[in-house]
Every structure is written in structure tokens, then in C-alpha cells.
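> sequence and predicted structure below; questions after.
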Amino acid sequence: MTTPTLRDVAQLAGVHPATASRALNPQTRPLVNAETARKVLRAAESIGYQPNPIARSLKTARSATVGLVIPDLTNPLFPPIVRGIEDVLTTAGYNAWIVNTDNDPGREERQVESLRSRQVEGLIVATARRDHPLLLRLHRQGVRLVLVNRRVDGLELPSVTADDDAGIAMAVAHLASLGHTKIAHLAGPQQTSTGVSRARAFRHALLDQGLADDPRLTVECGYWSEAEGAQALRRLLDSGAEFTAIVAGNDLIALGCYDVFAERGMTCPDDMSVVGFNEMPFLDKMRPPLTTVAIPHYEIGVEAARLLLDTIEEPDRHPRSVLLAPSLVVRASTAPPR
DNA sequence: CACCAGGGATTCATCCGGTG
DNA sequence: CACCGGATGAATCCCTGGTG
């Protein structure tokens, strides 16, 4: 008992395999007599025929598959983005292979290699660093790339990002309106474009609010993680700096702060207000629920997939980038200073 | 070691019968 | 006879495992 092939369908419908192929393909179906096409479809249906994409790509040299390179799928930020990507891809007849890099360049290289060997038609990459030799090389080799959330210095690639300037400005304005004047920033890693742009936006936002920009109140995290966020906040507190609110580089960094509050007997928001960034799932279930800058995850995925499909269909098109508007979600982690 | 067959689907080139 | 819609023949894609 083997799985049915096109030959079986053709035989059952009493036509040539070439005819069956055309009948089964919506684009080529008009070439086939309507009655014949109906017969073929019925035959295919009756034996449970599924086209074999491996055989198909043998001839077409296309895989209808794209690679999705993310740091770690267990980070709740990614599932909604992946969902948006997948919804667009499937309607276009494409599928996604997902790989996790764990932010390890070696692993990333191997995973990308494996994707390329499977003939993916392009890559959506959410792991870009400002200096990223692998992406540089892939671009030079003509691999179609779309970046999500991040950019690479000196490399003009299609990308989808949230408007960091606007998002951070909202966070700072919110804290300022509550009466905070000494606000700290736990910046994301400065090897990532997002870490840099949010830190820069933070300084601008302070000035816009007429607040002093004290460089000692900005601390960099080595990774976008709770542990690094916690570590950064400990350093800041231990330095003796005075502040009443924190703008975190992202939500994970903000959640890391919660651990430090517990360690040090501080309460949020009474002793310290915190704003995150990203609006990853479940923040409303935290104690206290985290105020954050929401970015449209699903839309980000949708746009990323569209950009990639665009470059596949129109390889010579000038790289287009999409900037999506964030919004502030006020919850209970922010309050006026004591 | 070189060579070939075979896997499944697609597609260019060709053929067929019917019509004006 | 030319033309047309519709169906088909056969080559082809790339790689691997087996054969001589």
C-alpha cells in the first residue's frame, strides 16, 4: 500500500499524467477541458491524493518554503509573530521552517545551512545584530532576506520594526506625567539595532520632557533577558544612583526588575515604577500587571511575510521597510513617585 | 570508479480530430 | 486547408544507491 501519485490519479480518471497535473493546478486548470478537470479532481479526491512537493520541486526548482530564524521559540514574544507570518505564507501556498539559534552564532550558521540545503526561497530573520557577518555573506550570495525587529549596520535590507522612538517617547511621557523626574533606562544589548535606537530615543525623550539626561541612569544589559535585566538593575541600585522609575529595553528586562524588587524588599509601583516594551503575552497576569509599550506582533509577522514574498516575486525591487506604530498599555506597574 | 536507473511532477513541443 | 482547443510524449529537474 503506497501513497497515491499523480500517475494513479491520471489512470483512474482515464487521462494522461500531464493532463492530470494541469487539472490539479489552479493556474493551469483553464488549459484543461472543464469536464475532464472535474473527472481528475474527483479521482484525486477519491484516492486521497496529495501532491508530492519534493517531486514537484525537482522540476520547478522551487520549494514553496521559507526559513524563519528566531532566537528562541519559548520566548512568548515570537508565537504571535510566527502566526502572522504563517497566515500570509499559507495563503500564498508557502510554508515556513522554523529554527532556533539560542543567540549562538555557531548554531545559527548550522541552522541556516540546513535551511538552505532544503532550498528555502528566502529567510525571515529575527536574530540580526548590528555587526552580523553571516547575514552580510548571505546577502552577498543573493539569499533573499527580511529582517524582523532588528537591522544590520550598513546593510540595506527589507525590514519590519516597531517605531522605537515613538514607543519610548510614550513611555517617558507617561512617567513624566505621573511626576517622575529621575528615570532610569535598562538598555538592551548595544550590539542590536533595537538596543541602540531605544537608548537613543530614551535620551531624546528625556530632553523633550525637559528632564535631565543623566548618563549614570542608563545601564546596558548583555542580553534581552530577565536575568540580565535583574543584574543591570542590581548594578544600578548598588551604584547609589537615585531614581523612581525605570524604562526597560523590553518586557523580559522589566520582569527581571520584579525579581530584584522582591530581593530588596521594594514594592512596585510604590517604590519604583517600571515600563516594559513589546507587550508580550501574559503581562496582564503579572504582579503587578506590567505597563508596557505594545507593538503589533501579528502585524509584524504579516508584513515580514509580505516583504519576503515581494522580494521573491520581484527580486530587483528596491528593499522596502515597514515601521509600525506602537501604543502604550498602562497597567499597575506605574504610579506617581512616593 | 564511472555510469545509470529511478523517484514524481512539470512543461515544451507536438499531435489529433473537428470546424469554418 | 488553416486553425484551434485540448490532450499527450518525452525530456527534464537533482541526487543516491546499486551495478558493471
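Nice, thanks for sending it over.

> domains of chain A?
Under the assignment named as automatic domain parsing, the residue ranges that make up the domains of chain A are A:6-51, A:60-162+A:297-324, A:164-295.

> out of these, which is closest to residue A:332?
Checking these against residue A:332 by C-beta to C-beta gives domain A:164-295 as the closest, at 3.8 Å. Just so you know, the C-beta spots here come from the backbone N, C-alpha and C atoms, and that holds for glycine as well.

> what is the mean pLDDT for the closest one?
pLDDT averaged over domain A:164-295 equals 97, rounded to a whole number.

> relative to the whole chain's centre, how far out is it?
21 Å (C-alpha atoms, centre = their mean, to the nearest Å).

> check stretch A:320-328 too.
The mean C-alpha position of stretch A:320-328 is separated from the chain mean by 13 Å, C-alpha atoms, centre = their mean.

> what do you get for stretch A:3-23?
Its chain's C-alpha centre and that of stretch A:3-23 lie 41 Å apart, by C-alpha atoms, centre = their mean.

> hmm, who's touching it?
Applying C-beta atoms under 8 Å, 6 or more residues apart in numbering, the external contacts of stretch A:3-23 come out as A:24, A:28-29, A:31-32, A:36-37, A:39-44, A:46-52.

> residues contacting residue A:29?
A:22-23, A:37.

> which of these sits closest to DNA strand B?
residue A:22 (5.5 Å; C-beta to the nearest atom of the strand).

> from DNA strand C, how far off is the closest one?
As judged by C-beta to the nearest atom of the strand, to the nearest Å, residue A:22 and DNA strand C stand 6 Å apart.

> same question for residue A:160.
Using C-beta to the nearest atom of the strand, which is the criterion applied here, residue A:160 is 32 Å from DNA strand C.

> now do the SS call for that residue.
Secondary structure for residue A:160, judged by DSSP: H, G, I helix; E, B strand; the rest coil, is strand.

> got a list of what it touches?
Taking C-beta under 8 Å, 6+ apart, we find residue A:160 in contact with A:146-149, A:300, A:303-304, A:307, A:321-322, A:324.

> who is it paired with across the strands?
For residue A:160, the beta-bridge partners are residue A:148, residue A:322 (DSSP bridges).

> can you count the residues close to the single nearest residue of the stretch 151-300 of chain A relative to DNA strand B?
Scanning the stretch 151-300 of chain A for proximity to DNA strand B using C-beta to the nearest atom of the strand identifies residue A:158 as nearest, at 26.4 Å. Applying other C-beta atoms under 10 Å, we find 22 other residues in the vicinity of residue A:158.

> my guess is it contacts residue A:152. True?
No: between residue A:158 and residue A:152 there is no contact, the gap being 11.7 Å when judged by C-beta atoms under 8 Å.

> give me whichever of the domains of chain A is most buried.
Neighbour counts (mean count of other C-beta atoms under 10 Å) averaged over each of the domains of chain A peak at domain A:164-295, with a mean of 20.

> span of it from start to end?
According to C-alpha to C-alpha, to the nearest Å, domain A:164-295 extends 10 Å from its N-terminal end residue to its C-terminal end residue.

> picking that back up, adding pLDDT, write the contacts of residue A:160 out as a markdown table.
Written out in a markdown table, the entries for the contacts of residue A:160 read as follows (pLDDT from 0 to 100):
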| residue | pLDDT |
| --- | --- |
| A:146 | 96 |
| A:147 | 97 |
| A:148 | 97 |
| A:149 | 95 |
| A:300 | 97 |
| A:303 | 97 |
| A:304 | 97 |
| A:307 | 95 |
| A:321 | 94 |
| A:322 | 97 |
| A:324 | 97 |
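
> between these, which is nearest residue A:84?
residue A:300 (6.5 Å).

> what residues are up against that closest one?
Residues counted as contacts of residue A:300 (C-beta under 8 Å, 6+ apart) are A:81, A:84, A:148-149, A:160, A:162, A:324.

> try it again at 7 Å.
Residue A:300 makes contacts with A:81, A:84, A:148, A:160, A:324, as judged by C-beta atoms under 7 Å, 6 or more residues apart in numbering.

> next one: phi and psi at the residue of the stretch 101-250 of chain A found nearest DNA strand B?
Taking C-beta to the nearest atom of the strand as the measure, the stretch 101-250 of chain A has residue A:119 as its residue closest to DNA strand B, at 13.3 Å. With angles defined as degrees, to the nearest 10, residue A:119 sits at phi 60, psi 40.

> how close does the closest residue to it other than its chain neighbours get to residue A:236?
Closest residue to residue A:119 in three dimensions, ignoring its sequence neighbours and counting by C-beta to C-beta, 6 or more residues apart in numbering: residue A:63, at 4.1 Å. For residue A:63, the distance to residue A:236 (C-beta to C-beta, to the nearest Å) stands at 49 Å.
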